[in-house]
Each structure stands twice: as C-alpha cells, then as structure tokens.
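[1] Okay, sequence plus prediction incoming.
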Amino acid sequence: TCSSTLFFLPCSPFSSLPYFHLSHHSLPPSSPHRPLRCFFEDGGRILGRGPWTRMFSSHAPLIKDESASSHIKEGGKNAEKQLRLFYNDIYHVELPQGHRFPMHKYRAVRERIHHANKPNIVLQPSPIARTDDIRTTHCHEYLRRFLCNMLTDKENRNIGFPWSPQGVKRTLSSVGGTVAAMHSVCGPAGHKLAGHIAGGTHHAFRDRGEGFCVFSDIAVAANVALRDYEHIKKILIVDCDVHQGNGNAVLFQDNPFVFTFSMHCAGNFFSERQKSDLDVEIPVHCKDDDYMSLLHYWLPLAVDRSQPDLIFYQSGVDCLGGDKLGRANLTLDGLRARDALVYKTALG
C-alpha cells in the first residue's frame, strides 16, 4: 500500500463531457491581435505590469500571490475523512465562437459537487502556481515567453488556445490547484485523498505545449513533492485518459523516482507516440468488461514495479462513449468501476 495517496480528479483537457463521481528575446510588435500584457515574477510570485498588476489578487483573500502550500491547513483528527477538492472555474476564459474546447465543464462539475451537499467535501479555489515550482519542470524561457505573450502564433495554435490574461490565470491556477492538492496529502494536513477539478494537462513538454496543455500540472506537483518532502521517494502517475500522457512520459524519461503508467486508446494519438514506463493501449470502441480486464491486470503491476509513496491519478472522462474527442466506449458504470479499482489498489 502507499504511505500517501493523491487522487487527481480532473476532467481531461480533451474531454467534452463533465463527469462527477464521489467515491533575452525581443518583444513582439504591439498590435490589436497581440496586446503587450506582460507578467513577471518576484521571489517566485507571479505579478503583473501596468493595469494588470492586481489581476492575481482579485479574489482575495482566498486567491493570493502565495505558495500553494500556504492554502493548506492542518487537518486534525478528522483529516482522513475529509476530501479537499480544488477548483479554478473562477478564472473564466472567453474562447472564440465555435471553439471546440468545452470550458463550461469545470464549472458544471464543481456546481454538481456543491449541490450534492456532502459534509466531508471541502471545495477550495485553486491558488496561482509559483514560478519556482513551475521551473522544477519547465524551461524558464518558455515560462517567461508564455507569461509575456511572446509565444509564436504556431506555438499558440499547437496549444489550442489564443493567449489572454484570463488564460494566464487559468493556466497558472490549473497547476497551482494540483500542487495544493499534493501539499494537502503530503504535508501537515494529513489527508489521504485530495483532488483538483481542473488540470490533467499531460500533453505539455518542457519547452512547449500542445493539446490544450501549457504546463504539466501533475509533473510540476510530482517534482515539488520530491523537492519538499523527504518521505516521498517514489511516485506513480496513473493516467487513464483516453489519450496517452505523452508529455509526462518525456518529462520523466529515465527518472528513477517517477513511474509513468498510461492506459490510453490506440486510436487517439494526435501527435508522436512517446514511451512511458508502462503503456497499455486499449482498442478503439473498447467497452467496460475489456477495459476492466486490462486495468485489473496492469495496475497492480505498475504499483509493484514503482513501489510508490505517492500516487497521482488522472481520471480522464474522455473514455466515455459519445465523447466527441475520444474513441473508447465506456459507460458511466464502467468509469465508476475504473475509479473504484484505482482507489482500492492505492489505499490497500
């Protein structure tokens, strides 16, 4: 069993269906299409310039320019019974009309959890990630160029989103919420479980993004855990998104402390296939029984090979039949069974 467990509960970046289950480059020319709104750092904090200086503290006191760990309080004797979930739909991003990314899904999931009125669930806004945390994983120059709207048009197209100040806040909180959930599990709060209703950005690489992913939130959180907590020696990433966790596979290539397990659909590659520590490809139109047979076999092997102190679980919902960006055919009952198996295996 794992001494600490982080369950990461995002909607997949690609998923179109919300799901809820409780169990020194020169600056580019200024133009109407590329406004110069630059963000910079100070002691690890993300700040703004000019009219945007206060943009990251507009939701004070809960959202501040602080380390994600400062948002986690000690859990006390009821910590193990509490499920802390972070959310970042407060950072609304207006996308062009007809854009295929279903941004509304994050709010839909959070509202459904809120209306379920479960007393053991604590919803908390995702804090902004610190730059020193992001730099554990991503290139400083790439980070700077993203914050300052200096990525090329091609780079932004590969990511899938037009640059905007709102998008910067959303991106940084997508990382910050996952880091905060990790601190909730590994730190003095003492929770066995924590999650983030966002993130899952496993297609981001060290110096570039793709597939609606700018920075890899799980990779950053894993590296911060290894940096900050002596008792975390080995980490397992369980990725059940319908797409391969290609970015994480590369970010942790030949890293003996992080084991990447990706179980994805053979028909859902949109870019070059990468090599995780363990890749399992499910067939196109895979249904519940076949999926669960594969997971029953491979998940215990991944745990046995990695011997983790901490588990990140990317519970992609794009394996659902009918998801417009996925090619698997699982039912909601199949997803519940999948999640239950991961929880049971992790908690022992």
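    Noted; the coordinates are in hand. Just so we're clear, the structure is a prediction, and the values are computed from it rather than from any experiment.
[2] low pLDDT regions in the stretch 201-348 of the chain?
    Applying pLDDT under 70 to the stretch 201-348 of the chain flags no residue at all.
[3] do that again at 90, thanks
    Within the stretch 201-348 of the chain, the stretches with pLDDT under 90 are 267-272, 316, 322-327, 347-348.
[4] got the buried residues for the host helix or strand of Gly247?
    Secondary structure from DSSP states H and E places Gly247 in helix 246-251. Neighbour-count burial for helix 246-251 flags Asn246, Gly247, Asn248, Ala249, Val250, Leu251 (criterion: 16 or more other C-beta atoms under 10 Å). Glycine gets a C-beta too; all of them are placed from N, C-alpha and C.
[5] Over to stretch 136-153?
    For stretch 136-153, a neighbour-count test (16+ other C-beta under 10 Å) marks 136-138, 142-151 as buried.
[6] before we move on, what about stretch 298-317?
    298-299, 302-303, 306, 308-317.
[7] Farthest-apart pair in those residues, please.
    Farthest-apart pair in the buried residues of stretch 298-317 is Asp309 and Val317; separation 27.1 Å (C-beta to C-beta).
[8] As TSV, the buried residues of helix 246-251 with distance to Gly195 would be great.
    Shown next, in TSV, are the buried residues of helix 246-251 (distance: C-beta to C-beta, whole Å):
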residue	distance to Gly195
Asn246	23
Gly247	20
Asn248	18
Ala249	22
Val250	25
Leu251	21
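[9] which among these gets closest to Pro119?
    For those, the closest approach to Pro119 (C-beta to C-beta) belongs to Asn248, at 34.4 Å.
[10] Wait, the closest one touches Ala219, no?
    Yes. Assessed by C-beta atoms under 8 Å, Asn248 is found in contact with Ala219 at 5.4 Å.
[11] what touches both of these two?
    His202 (C-beta atoms under 8 Å, 6 or more residues apart in numbering).
[12] quick one: which of the buried residues of helix 246-251 is nearest to Val280?
    Ala249 (12.8 Å).
[13] if I pick the closest one, what's in contact with it?
    So Ala249 contacts Thr260, Ser262, Gln274, Lys275, Ser276, Asp277, Asp279 (C-beta under 8 Å, 6+ apart).
[14] Which helix or strand contains the fifth one?
    Using DSSP H and E, Ser276 sits in no helix or strand.
[15] Now for it, how many residues are close by?
    Using other C-beta atoms under 10 Å, Ser276 has 24 other residues around it.
[16] Dihedrals phi and psi, it?
    phi -80, psi 170 (degrees, to the nearest 10).
[17] next one: the last one
    The phi and psi values for Asp279, taken as degrees, to the nearest 10, are phi -110, psi 130.
[18] Just to check, it is in contact with Gly245?
    No. In this structure, Asp279 is not within contact of Gly245 by C-beta under 8 Å, at 9.2 Å.
[19] so what sits against both of the two?
    Ser262, His264.
[20] how much space between Lys118 and His138?
    35 Å (C-beta to C-beta, to the nearest Å).
[21] where do the helices sit along the stretch 51-200 of the chain?
    Secondary structure of the stretch 51-200 of the chain (DSSP state H, counting those that start in this stretch): helices located at 104-116, 131-134, 140-147, 153-159, 165-186.
[22] Quick one: list the elements packing against the last one.
    The contact analysis (3 or more C-beta pairs under 8 Å, 6 or more residues apart in numbering; DSSP states H and E) places helix 165-186 against strand 83-87, helix 131-134, helix 140-147, strand 194-196, helix 217-228, strand 310-314.
[23] Name the residues that touch the longest one?
    Right, helix 217-228. In contact with helix 217-228 (C-beta under 8 Å, 6+ apart) are residues 6, 8, 69, 129, 133-134, 136-138, 174-175, 177-179, 181-183, 186, 196, 198-202, 204, 232-233, 235, 237, 247-248, 251-252, 257-258, 310, 312, 314.
[24] Surely Leu299 touches Ala340?
    No. Assessed by C-beta under 8 Å, Leu299 is found out of contact with Ala340, at 11.7 Å.
[25] Please report how far Arg112 lies from Lys105.
    On the measure of C-beta to C-beta, Arg112 and Lys105 end up 11 Å apart.
[26] The two: who's more crowded?
    Ranked by neighbour count (other C-beta under 10 Å), Arg112 and Lys105 place Lys105 first, with 20 against 13.
[27] and the gap between the more buried one and Ser216?
    20 Å.
[28] cool, and Phe205?
    Separation of Phe205 from Ser216 (C-beta to C-beta): 8 Å.
[29] Quick check: neighbours shared by those two?
    Common neighbours of Phe205 and Ser216 (criterion: C-beta under 8 Å, 6+ apart): Gly247, Leu251.
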